[in-house]
Structure formats: C-alpha cells, structure tokens
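Q: Make a model of this:
(2 chains)
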Number of protein chains: 2
Amino acid sequence: MSNAERPDGWAITSPRSDRVRMIASLSGRSARRKLGMFRAEGPQAVRSLLEHRAADVRELYLTDAGTAANPDLLALAAAAGRRIRRIPEDVLRAMVRSGNDAPAGATGSGADGPVSPQGVLALAAMPEPGLDDVLEGLPHGPLTLLVLHEVQDPGNVGTLIRAADASGAAAVIATAGTADVWAPKTVRSAAGSLFHLPVVTGIDPERLLPALAEHSISALATSGYAAQDLYDAELPERSAWLLGNEGHGLPDAVLQAADLAVRIPLAGSAESLNVAIAATVCLFETMRRRGGGAAR
Amino acid sequence: MSNAERPDGWAITSPRSDRVRMIASLSGRSARRKLGMFRAEGPQAVRSLLEHRAADVRELYLTDAGTAANPDLLALAAAAGRRIRRIPEDVLRAMVRSGNDAPAGATGSGADGPVSPQGVLALAAMPEPGLDDVLEGLPHGPLTLLVLHEVQDPGNVGTLIRAADASGAAAVIATAGTADVWAPKTVRSAAGSLFHLPVVTGIDPERLLPALAEHSISALATSGYAAQDLYDAELPERSAWLLGNEGHGLPDAVLQAADLAVRIPLAGSAESLNVAIAATVCLFETMRRRGGGAAR
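A: Next up is the predicted model:
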C-alpha cells in the first residue's frame, strides 16, 4: 500500500486549491468533455471501477474515515497499481460541490443535490466505445440490449443502466438527446453497473436501427396503444428494448420503425409507468423467458 | 366555471403574502402535519386528485398558462364544485419554494430541487386511512399489497406507489421509518397513483405482520440469500411484498418474520437492485401469474 509511504501526508490540504476546483468542475458536462474524465463517488462505485475498469482510473482520493470503513479498497488499489491520495474531509466535500450547485446540505430533501461520497472518490477516463465496435463484439445467439432515447433525468439513466446490467443485457446504447451518463448523479444511481457493460453514447437514432438490423437485432418498443401484450408476445432471440423520454415516450417515427411494439398491461388506475419501471418489466420478462439469472 | 365570475381578478397578487408563505411551508413534513394539508403540483397530479379524491381538495390554483394548457381541469373542478383561484406566475413559483430549498432553478441538475408545476397547484387534505379499516375493506380472494419499510428517498417512495398501482396492488402500507408520502417530490413521482389506492402510513412493523396474518395475507420478502428463485417460487394468493431501506434492505428480524423469502435472479455483475426496480420485478411477476392487467 503506497499510502503507507507517507502516513501523515495529505495529498491536498486546501479546499480552495486549483486541483479541487478542477475536480468540482467535473459536475458539468462541458468540463468532463474537455478534461476527458468523470468523478466516481462513494465506496460502491469506486470499488466497482477498480474491479472492472482499473486501467481507466486516474486519481483515487480517500479520507481517513473512508479508508477505515473500506479496507478492501486499499488492496484493490494496490492490485491495480493505483496510488491512494489521502485528503481531509473538507477537501473531499469541496470536490463534490459543483459550480452552480447550492452548498452541500442546503437542499431540503436528503436525496437531492450533492450526496456525501462517504470518504471515497476517484477520477477516471470515460470509456467511449464506438457503436460498431460494440455491435461487432456481441456474442452470437440470444441477447438483449437497452436503448435510451432522450431520457432526461440523470437518476433515471443510472437506474436504467443498473436494471439492464442486473437483467443480463449485453450493452446499453444512449442516443444523442439522452442525459449524459457520466454526470455524478447518473454514476451514483448506476451503482457500479456503468463499469460492468459497454455503454455507447451520442448515437443518432436514424443510424441505430439499421445498424441493429445488420446484426440481426430486433428493435422492440413499448406503447400503450400496441395490440400485443408483453406477456403474450413472442420476443425475438436478439432484441433491443427502446425506451423514450419521461414526458413524451418514443417519437412516432422511432415507434413506427421498431420491429415490434408491445403493451405493458396496467392493472390499476395508473395511466403510465415511469421509464425505469417500464424498462425493468420488459428486461426482466425477457430474462425470465431465457431461464433467468444465467451468466452473461 | 366560477373563474368566469372575476375574469380579471387575481386570487393572490403578492408572492410575499402570508397565504403564499403558508403554501410554501407545506414542503416540510411538520407544516403538513400541523395544517393537515399537502400540495399537489402539476396537471397530472391535480387531474388525478380531482378525478379520484375531489372531496379532499381544499384550494385550487391555476395560472393563465396552466388554464390554457389544461382546459379539462376547469370542467373537472366545476363538476367537483371546486373554485379555481387565478394567480400570476410569480406567485405560483413562490408557492413551491420551500423554506430551506435553494431558489428554484439554482440546483445544477434539472431533476433535483423544485420543479415547475406547469401552472397548476392544489392543496388537499391528507387521506389517512387506518390500517385496520384498510385491511377490513380488502376484497376476498387473490390480492397483492406493497409494504415499504424505512425507504428513505421521497422519489423512490413515489415511484414505488406508482408501480404498485400499475401492477394492481390493492393498497400500500408504509412503516413509521419511511419517508413521508405527502412530500412534494413523492407526490410528483407517484404521478397520481397516491390518489388511486389506499396508502397507510406510520405503521409499526411489529404490529403489521400479525395484522396481515389475521387477514390471511402472507408476508413476502426478497433476499439475495434466499434459497428460492422468484420465478420458481409458488406465490401465495394473498401476499404483501415487503421492501426495505435503499442501503440496508430489510432488517433481519423482519426478514425472518416473513412467510417466504425469494431471490430475484441477477444476470450481470450487478450486486443488487434499486428498491423500486426490485419491487417492480416482484409486483409485475405476481400480476403476470394472475393473468395480467385485469381490473382491480
């Protein structure tokens, strides 16, 4: 553990240093694009990053409390050859404060705004796989993809990626109008799943459907007006579930270009489903039919 | 339309009036308890409130833009005998600004913090049905309940209530440690479902399981360590799905007191599921086995 080399040394002491400001600026999409890095916050995300994408890790910051609570991270960092930078609590807090955020803790509800990274933070390069490379690399035979089209809420995007991972999807593809997957809130909601499977971003939907067809992958959409019920429909062996914007769903052009549209049956008085809930119903029903829970 | 009686009159003109401050204070749980009212914001929530719980509506506020975009609300309000109070845009914005919130728009990410009510707001009395009354009122035969135990995030609580409604659950029961269901963010995430089915709050879990048993309702839990897979398990005809805290899941005591625990198969590298995703998988699998989508 290289940490032991400087047992009393802080990597950064001032919450107002340039380095801290740079790290805080990564709350914004433009800074992430310019610097080519994103922040992973909290032990779960950083553990998953070290386990699955260690080569992408650029800097690793822990407070003493974060180190004490997560001894396994030291071993993981050592195994990956990544140095741990020890920082005081106020420096860590300043790192997760974004430029136009209110100060941490100022928002009314606990789940909104900056969330404590529990003493653990990493900077990492954004893996940006190309669509063609990902499609070429897919296994033969049955598989499921999740496509996000203009999903707006960063928390929803993260939850969708987590649900795709848990249901065994082979990749997630986000169109150009979808919220940035490397936003802090998305990384947090994805709970490590962003590092488990390829996530392709910025794709033009007009280019996507032909590319899927070339790889014999059927595009499946959900619609309240579809004639077939999800539970009665025959699902193709190789499918991509297309999920749309929270307010408007999928645009008509995309819906009409899909190979199959199904209706998720709604039993109560609910008029519609949250996008992450709709995706979960489709993804897990697909998994259930394939025998459920088999390794990818 | 009583609105027509004073075509040029504003019900409130100053964003700093006492009435506006009172309405803004309803962002906080203690003010809601003291005043016995909550805010429903946006056309979808208010429409559902007028359709399903018109008797609970105390005050109804619309901006001119809100009225123009939602002409059906005028008819619904008239049918329910509820007067529409016309207010300017800045008064509406002040009504949804909570005491300890940052000003609307100050938070970095669009989905956090105050969200525009799109010209429509209502105050309503909180329906607070008792556990015994709700259990007594349940139909005979197959049914599903959702129990939330110490779920912390207001957005998750709303999404869970919406998923329960959509899957045909007969009621939602929240234990004392769960986030308040009448918080603005919860009401927003529930997208009307809070008004579609009975929601019982503040329940002691030690009292709950015996009460469920008395009504022949089995308590079902999910656990990563359960021997039985959800998709293989035989599910009782009358069941209550128990979902726990985002970080810790269900406490051991509750897990052990449950009649059946099942494992949701996870296919990818994901270690766990978001609580709303886990509930959705269980609730919709239960609905699927009952033939899906039948009216409650």
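Q: Give me the nearest residue to A:Gly119, chain neighbours excluded.
A: A:Gly66 (2.1 Å; CB to CB, 6 or more residues apart in numbering or on different chains). (Each C-beta comes from the backbone N, C-alpha and C, glycine too.)
Q: wait, that neighbour sits on A:Gly42?
A: No - with contact defined as CB atoms under 8 Å, A:Gly66 and A:Gly42 do not form a contacting pair (9.1 Å).
Q: Now the common contact residues for the two.
A: With CB atoms under 8 Å, 6 or more residues apart in numbering or on different chains applied, the overlap between the contact sets of A:Gly66 and A:Gly42 consists of A:117-118, A:120.
Q: closest to B:Ala211 among the residues you listed?
A: For B:Ala211, the nearest member of the shared contacts of A:Gly66 and A:Gly42 is A:Gln118. The distance, counting by CB to CB, is 37.0 Å.
Q: any idea how far that closest one is from B:Val199?
A: Using CB to CB, to the nearest Å, A:Gln118 is found at 32 Å from B:Val199.
Q: Neighbour count: these two, which is higher?
A: Neighbours were tallied for A:Gln118 and for B:Val199 using other CB atoms under 10 Å in any protein chain shown; the higher tally belongs to B:Val199 (26 against 17).
Q: correct me, but the more buried one touches B:Ile161?
A: Yes - the pair formed by B:Val199 and B:Ile161 meets the contact definition of CB under 8 Å, at 6.5 Å.
Q: and for those two, which residues touch both?
A: Contact with both B:Val199 and B:Ile161 is made by residues B:172, B:181, according to CB under 8 Å, 6+ apart.
Q: The residue nearest to A:Arg53 when sequence neighbours are not counted: what's it in contact with?
A: Once flanking residues are discounted, A:Arg53 sits nearest to A:Phe195: 4.6 Å by CB to CB, 6+ apart. Residues touching A:Phe195, when contacts are defined by CB under 8 Å, 6+ apart, comprise A:48-49, A:51-53.
Q: and the gap between the residue nearest to A:Ala40 when sequence neighbours are not counted and chain B?
A: Leaving out its chain neighbours, the residue that sits closest to A:Ala40 by CB to CB, 6+ apart is A:Ala122, at 4.6 Å. To chain B, A:Ala122 is 18 Å away according to CB to the nearest CB, to the nearest Å.
Q: what bridges to A:Ala122?
A: Here A:Ala122 shows beta-bridge partners A:Ala40, A:Leu60, assigned using DSSP bridges.
Q: burial count for it?
A: Taking other CB under 10 Å as the criterion, the count of residues near A:Ala122 is 29.
Q: what's the answer for A:Asp56, then?
A: As a burial measure, the neighbour count of A:Asp56 was computed by other CB under 10 Å and equals 18.
Q: cool, A:Thr222 as well?
A: Here the number of neighbours of A:Thr222 (other CB under 10 Å) works out to 24.
Q: Now do the same contact list for it.
A: In this structure, A:Thr222 makes contact with A:230, A:241, A:243, A:261-264, A:278, A:282, judged by CB under 8 Å, 6+ apart.
Q: quick check, the top helix by length along chain A touching chain B?
A: In chain A, taking DSSP state H as the definition, the longest helix is helix A:275-289. Yes - with CB under 8 Å from any CB of the partner chain as the criterion, chain B is reached by helix A:275-289 at A:276-277, A:280-281, A:284-285, A:287-288.
Q: Turn those into CSV, including neighbour count and pLDDT.
A: As requested, the residues of helix A:275-289 next to chain B are exported to CSV (neighbours: other CB atoms under 10 Å in any protein chain shown; pLDDT from 0 to 100):
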residue, neighbour count, pLDDT
A:Ala276, 27, 96
A:Ile277, 27, 96
A:Thr280, 29, 98
A:Val281, 28, 98
A:Phe284, 27, 97
A:Glu285, 20, 97
A:Met287, 24, 96
A:Arg288, 18, 96
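Q: any idea which of the residues you listed is closest to B:His140?
A: Here the nearest of these to B:His140, counting by CB to CB, is A:Val281; it sits at 27.7 Å.
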